[in-house]
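[1] build the 3D model from these lines:
(chains A, B and C)
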Amino acid sequence: MLDTGIKVLFEGNNITRLLDGLWVTTRIALISVILSVFFGTIIGIGWSSRFRIIHVFARFYLEIMRIMPILVLLFLFYFGLTRIAHINLNAEMASIIVFTLWGTAEMSDLVRGALTSLPKHQKESGLALGLKSFDIYFYILVPQAIRRLLPATINLTTRIIKSTSLVVLIGVVELLKVGQQIIETASLLRNQTAAFWVYAVIFLLYFIICYPISQLSFHLEKKWQS
Amino acid sequence: MTLFLSVSNQMDLINEGTILIGMDYLFFAKYAPLYYEGALLALNIAAISVILSIMVGLCCACIHYYKVPLLKPSVSIYIELSRNTPLLVQLFFLYFGLPKMGIRFESESCAIIALTFLGGSYMSEAFRSGLESIGKLQLESGLSIGLNKIQLMRYVVLPQAFAIALPAIGANIIFLIKETSMLSVVALEDPMFVAKDLIGMNSDTKEALLLLVVTYIVMILPLSLILTFIEKKVRHAGYGH
Amino acid sequence: MITLKKKILSLVLSFIASVGMGFSHQTNAAGFNTLDQIKKNGKIRIGVFSDKPPFGYVDSNGKNQGYDVYLAKRLGKDLFGDENKVEFVLVEAASRSEFLLSDKVDIILANFTKTPERAEKVDFAKPYMKVSLGIVSPDNAKITSIDQLKGKKLIVNKGTTAEIYFTKNYPDIKLLKYDQNTETFNALLDGRGAALAHDNTLVFAWATQNKGFTVGINSIGDHDMIAPAVAKGNTTLLNWINDEITKLDKERFFHADYEATLKPIYGDKVDPESVVIEGDTH
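    Residues are numbered from 1 along each chain as shown, chains lettered A, B, ... in the order given. The predicted structure is shown next:
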């Protein structure tokens, strides 16, 4: 029983197919992380400024993203958008947009937190030197904030990678879907324990990807805490 | 279950309802109860999982705090496994993988086990940061006035740690409630399941999704507001930071 | 300083533009591609199952296979002279209409049973398969009549005719619903329900491959037809498919399809005429 179950993994191209699936997952996560960091930083900086309107908008946006489960957002963008606005996204694009929207919200909160935690005299010294507010941000505040930000951003990355497993539910062919296809073909070949091994391998693959990243975040946090 | 029966009976009524801005208002009245039941089920499972997670989390945090030999490494392994794998994969493994090895749990048990497995490690981190924020000075002062270890924990450490961990605990509770949205994969009829089922059976996608969004707002917004309030209170009560 | 500002600004704009590209595939006013547009695009998007062997599945080399896929490839070949011009989109049962309604595929060839409810949302072409519902159960607790299911759990796939049939006609049977075939059949293997209801063609194929399970009820409900579906009002594509099927019938294509994809599973246990529709049955 055990034997035949594991064998499924080595049939045909199954291993490469699983790895291809893993790449789809990480690709969605990577693009979303990059976009999130970018947009999140912009919104976060705006949020830490004195403009009240930006505060209200950012707060509202963050609140929505925190209330809605990601799966619901995925459904809204994949099925809802086409029916309501006649905008047609393929499943992967819809996922990237949803993860970017969510990541941007989380990131902007982190950036705001990091910027507002900096001592006030930093900004004031900059002003006293005659720097414009843009320059104060980019040459004084942001570099310092990055140090406080980086561990949390890396942590956000693992959260996004983990959440990408959800895209299988709107039909992206990624790691989980490939796994299910393998299980299905295996059951055609009278192999009934395949589900155990395939899901175990997928579990392990996610761990192998996420564990080093979260360790990195943990060490950076320790190193820079002082 | 009588869902489809009623659809065909009231088809004429529905058609009248569709005239207004293309939305089917009768749909809302008819299917809102299904979402309500779905929400109750999700909150029920979330509540049990939250309580269990807090217990698991507290145990793990204490084991870590007191550096209990043997247990501490296993707690670390558990936390790493739980934090670095997606809930969806955990659910699939529990529900479809384990039975192949002769271990079978019902849908509800699978959901509670998976959510507790996930929540336990998040709660543990929350308690840990609470415990670690208690300064050495306080512990020494406690000992010097003659408190024993248990009293020290009960009267000095835990009350403060709990207050400091409160916002994180609240955030974790909301997190766990949101995670119930993927319980439909183990055949539990949560709001997401209801929406998907309605879309599949009669393609009223717009209405089904709108009700879904409303359901989650009703489920989570009040908690989120309470959490913001608590965060502010605790920040005011904070000391030494 | 000014150049830095400009650089950042242009970066922002290019990012926004690249995200905007995602939106740019806007559906036309009608919400579907006509035959001419498909020809111009140089590819046809066909929605098939990936987890329903032997009708639509992905083999261990990652290739789409099965009875439906065999037809899909032929359509691609007749349209473009090359079966690789078919872009396979993998669908699950509950979202098949949705894929057409939201223009994510041009044709659904995913064992889609023609029902009056579905015909209101999409257009069906001529049928290419016959089907009714069958119920498979474990040998040691065989279900041979629907009465035996009272008070027990029946496993179904969300959005299939089986789900619709039982919700409508037997509301007191508790249904256990899953999104995908893989999950549905694994639930039966794991003993999560007393029996499983699905297309009889499928449960029969499955039972021949899984020891310890038999189809106790061969045929319930209506005798239905399985047909390709296109978006409502896409007449140019619909007519073309109908002409194709008429042509294929003449060359006994569907019998060849049966031999290639279903016979290896069914063996001699099933009469091809009970599955395949060809010629005068139209």
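[2] ok, now how distant is the residue of the stretch 1-150 of chain C found nearest chain B from C:K177?
    Proximity to chain B, evaluated over the stretch 1-150 of chain C using CB to the nearest CB, is greatest for C:A94 at 2.9 Å. All C-beta atoms are positioned from the backbone trio N, CA, C, and that covers glycine. Distance of C:A94 to C:K177, computed by CB to CB, to the nearest Å: 9 Å.
[3] tell me which residues touch C:P228, please.
    For C:P228, the contact set (CB atoms under 8 Å, 6 or more residues apart in numbering or on different chains) comprises C:L71, C:I107, C:I108, C:L109, C:F112, C:F124, C:A125, C:Y128, C:I241, C:I245.
[4] 6 Å instead, please
    By CB atoms under 6 Å, 6 or more residues apart in numbering or on different chains, the contact set of C:P228 is C:I107, C:L109, C:A125, C:I241.
[5] what helix or strand is A:T153 on?
    Using DSSP states H and E, A:T153 sits within helix A:142-163.
[6] which of the contacts of C:P228 sits closest to B:I112?
    Of all those, C:L109 has the smallest distance to B:I112: 40.6 Å, by CB to CB.
[7] quick check, that closest one in contact with C:R74.
    No: using CB atoms under 6 Å, C:L109 makes no contact with C:R74, being 10.5 Å away.
[8] picking up where we left off before, which residues do C:A94 and C:K177 both contact?
    Contact criterion CB under 6 Å, 6+ apart; residues shared by C:A94 and C:K177: C:K158.
[9] the more surrounded of these two?
    C:K177 (25 against 22; other CB atoms under 10 Å in any protein chain shown).
[10] that older thread, of C:L109 and C:R74, which one has the most company?
    Set C:L109 next to C:R74 and count neighbours by other CB under 10 Å: C:L109 wins out with 30 against 17.
[11] C:I46 versus that one, what's the distance?
    5 Å.
[12] just A:V72 next, same as before
    The gap separating A:V72 from C:I46 is 29 Å, by CB to CB.
[13] out of the two, which sits in the busier spot?
    Ranked by neighbour count (other CB under 10 Å), A:V72 and C:I46 place C:I46 first, with 25 against 22.
[14] quick check, the residue in chain C closest to chain A?
    For chain C, CB to the nearest CB, closest residue to chain A: C:S60, 2.9 Å.
[15] my read: that residue touches A:E11, true?
    Yes: here C:S60 reaches A:E11: they are 4.6 Å apart, a contact under CB under 6 Å.
[16] you'd agree C:L175 is in a strand?
    Yes: counting by DSSP: H, G, I helix; E, B strand; the rest coil, C:L175 falls inside a strand.
[17] that one pairs with what?
    Counting by DSSP bridges, C:L175 forms beta bridges with C:L154.
[18] so what's it scoring on pLDDT?
    With respect to pLDDT, C:L175 scores 93.
[19] what is the burial count for it?
    When neighbours are defined as other CB under 10 Å, C:L175 has 19 of them.
[20] please apply the same query to C:D82.
    The number of residues packed near C:D82 is 12, by other CB under 10 Å.
[21] how about stretch C:176-191 against chain B, any contact?
    Yes: Stretch C:176-191 comes into contact with chain B (CB under 6 Å from any CB of the partner chain), by way of C:L176, C:Y178, C:N186, C:D190.
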